[in-house]
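Asks: Give me a model of this one.
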Amino acid sequence: MLPYLMRYMGHSSLESTYYYIHLIPDFFNRYNMLAKPTENIIPEVENDEA
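Replies: Here you go, the predicted model:
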(Lines give C-alpha, C1' and ligand atoms only; values in the text may rest on other atoms or scores of the structure.)
Protein backbone atom coordinates (compact mmCIF):
# COMPACT_ATOMS: atom_id res chain seq x y z
CA MET A 1 0.00 0.00 0.00
CA LEU A 2 2.91 2.38 0.56
CA PRO A 3 3.58 2.88 -3.18
CA TYR A 4 0.00 4.13 -3.56
CA LEU A 5 0.43 6.45 -0.60
CA MET A 6 3.74 7.63 -2.05
CA ARG A 7 2.09 8.61 -5.34
CA TYR A 8 -0.93 10.12 -3.60
CA MET A 9 1.35 12.34 -1.51
CA GLY A 10 3.38 13.30 -4.57
CA HIS A 11 6.63 11.75 -3.37
CA SER A 12 9.18 10.58 -5.90
CA SER A 13 10.57 7.82 -3.70
CA LEU A 14 9.43 5.51 -0.91
CA GLU A 15 12.12 6.97 1.35
CA SER A 16 10.18 10.24 1.41
CA THR A 17 7.03 8.40 2.46
CA TYR A 18 8.89 6.31 5.06
CA TYR A 19 9.87 9.58 6.72
CA TYR A 20 6.25 10.09 7.76
CA ILE A 21 5.72 6.46 8.73
CA HIS A 22 8.74 6.42 11.05
CA LEU A 23 7.26 9.36 12.95
CA ILE A 24 4.44 7.10 14.14
CA PRO A 25 6.05 3.73 15.00
CA ASP A 26 3.39 2.93 17.61
CA PHE A 27 0.69 3.37 14.96
CA PHE A 28 2.32 1.19 12.28
CA ASN A 29 0.88 -2.10 13.59
CA ARG A 30 -2.55 -0.49 13.87
CA TYR A 31 -2.17 0.84 10.31
CA ASN A 32 -1.48 -2.68 9.03
CA MET A 33 -4.63 -3.94 10.74
CA LEU A 34 -6.72 -1.06 9.34
CA ALA A 35 -5.33 -1.56 5.81
CA LYS A 36 -5.92 -5.34 5.81
CA PRO A 37 -9.55 -5.10 4.48
CA THR A 38 -8.33 -3.15 1.42
CA GLU A 39 -5.92 -5.86 0.26
CA ASN A 40 -8.49 -7.27 -2.18
CA ILE A 41 -9.52 -3.84 -3.47
CA ILE A 42 -6.10 -2.46 -4.35
CA PRO A 43 -3.67 -4.85 -6.08
CA GLU A 44 -0.17 -5.37 -4.71
CA VAL A 45 2.51 -3.24 -6.35
CA GLU A 46 5.81 -4.90 -7.13
CA ASN A 47 9.03 -3.08 -6.25
CA ASP A 48 9.87 -2.40 -9.90
CA GLU A 49 6.47 -0.75 -10.44
CA ALA A 50 6.86 1.86 -7.68
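Asks: what's the offset of the longest helix along the chain from the middle of its chain?
Replies: Taking DSSP state H as the criterion, the chain has its longest helix at helix 25-35. Here helix 25-35 shows a centroid-to-chain-centroid distance of 11 Å under the convention Cα atoms, centre = their mean, to the nearest Å.
Asks: Buried residues in that helix, which are they?
Replies: Judged by neighbour count using 16 or more other Cβ atoms under 10 Å, helix 25-35 contains no buried positions. Where you see a C-beta, it was placed from the backbone N, CA and C, and this is true even at glycine.
Asks: avg pLDDT for it?
Replies: Averaged across helix 25-35, pLDDT comes to 78.
Asks: repeat for stretch 1-15
Replies: 86.
Asks: Buried residues in that stretch, which are they?
Replies: Result for stretch 1-15 [16+ other Cβ under 10 Å]: buried residues 3, 6, 11.
Asks: got CSV for those residues, with distance to Glu46 and secondary structure too?
Replies: Formatted as CSV, the buried residues of stretch 1-15 follow (distance: Cβ to Cβ, whole Å; DSSP: H, G, I helix; E, B strand; the rest coil):
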residue, distance to Glu46, secondary structure
Pro3, 9, helix
Met6, 14, helix
His11, 18, coil
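Asks: Out of these, which is nearest to Lys36?
Replies: Lys36 has its nearest neighbour among the buried residues of stretch 1-15 in Pro3, at 17.0 Å by Cβ to Cβ.
Asks: from what I can see that closest one touches Leu14, true?
Replies: Yes. Assessed by Cβ atoms under 8 Å, Pro3 is found in contact with Leu14 at 6.9 Å.
Asks: which strands and helices sit next to the helix or strand harbouring Arg7?
Replies: Using DSSP states H and E, Arg7 sits in helix 2-9. Packing contacts for helix 2-9, counted by 3 or more Cβ pairs under 8 Å, 6 or more residues apart in numbering; DSSP states H and E, involve helix 14-22.
Asks: In the helix it packs on, which of the residues would be classed as buried?
Replies: For helix 14-22, by 16+ other Cβ under 10 Å, it's Thr17.
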